[in-house]
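**Q** My questions are about this predicted structure, shown below with the sequence.
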Amino acid sequence: MFDINIAAGTSIGVFQNEGTLGFAVKDRNAKRYGMTCSHVAAPWFKQPNKDPVFSLDHVGTGGSRQMIATVTDWTIINVHGVNTADAALIQLQDGVDVSNTRLQRRAPLKFFEGRLEDYDAMRSQTVSVISAREAIPALINGVENNLVLGFSGRLFRFANVLSYSGSFQPGDSGAAVVDSSSQILGLHFAGERSGRLGYCITMLKILEAFQEYELRVM
């Protein structure tokens, strides 16, 4: 019996940052985690040590924010090199259950296991970015390899990320990107100031970064 039930797409807070809980996974030992972006859970200016993660959509005793997890592992975003991943694992607290139901479309939920060229071949396909606000429709433009994006006052270079057109807002970072077949393509991690272009860290690069965990969808 779980005391708290939350959904993929819930708004979360870590330190002074806000983002989105993308989806729930288990490792090879059946430990339960949530996935979000590392610039949300482990920003460059404050590398965490089991920092608490709060749900911004649930209120605890006394009106306080509800703690749901602790930051466990993350990809470090390098200011001097080219980055291909921006992802973090948060270990769920006992008594907290995360449902991936919001991500499912017309088939059982699974990771997209394609290569970069398979992502690039998805041009003009429609996907959904599952934010706390809604399931945001987005149209894939292809793979980008020379992006410079700003996080907390610094610029970082990214490659091998998926680009799409849609309507995005601050706080969507960490949201799962899924296709019409219920495949998780990756994590939404950035959008342009216009709000019309968004970018996704691919599941390929996320699984490479956390391969020791042997992650699978819960």
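**A** Now that the structure is in, tell me what you want to look at.
**Q** nearest residue to the residue nearest the centre of the chain other than its sequence neighbours?
**A** Geometric centre of the chain, nearest residue: G174, 2.8 Å, by C-alpha atoms, centre = their mean. Spatial nearest neighbour of G174, chain neighbours left out: T36 (3.6 Å); criterion: C-beta to C-beta, 6 or more residues apart in numbering. Every residue, glycine included, has its C-beta placed from N, CA and C.
**Q** show me the contacts for the one you found.
**A** Applying C-beta atoms under 8 Å, 6 or more residues apart in numbering to T36 gives the contacts 12, 19-22, 87-88, 90, 173-174, 187.
**Q** From the residues you listed, which land in strands?
**A** Among the contacts of T36, the members falling in strands (DSSP state E) are 12, 19-20, 88, 90, 187.
**Q** Let me have those residues in TSV, extended by distance to V217, pLDDT and neighbour count.
**A** Below are the ones in strands among the contacts of T36 laid out as TSV (distance: C-beta to C-beta, whole Å; pLDDT from 0 to 100; neighbours: other C-beta atoms under 10 Å):
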residue	distance to V217	pLDDT	neighbour count
I12	19	96	27
G19	20	96	28
T20	17	97	26
A88	17	97	29
I90	16	97	31
L187	14	98	31
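**Q** my read is Y119 is in a strand, agree?
**A** No: counting by DSSP: H, G, I helix; E, B strand; the rest coil, Y119 is not found in a strand; it is helix.
**Q** For the residue lying closest to K46 once chain neighbours are set aside, grab the count of nearby residues.
**A** Of all residues not flanking K46 in the chain, F15 sits nearest, at 5.8 Å (C-beta to C-beta, 6+ apart). Neighbour count for F15, taken as other C-beta atoms under 10 Å: 17.
**Q** ditto for S180
**A** Residues within reach of S180, counting by other C-beta under 10 Å, total 12.
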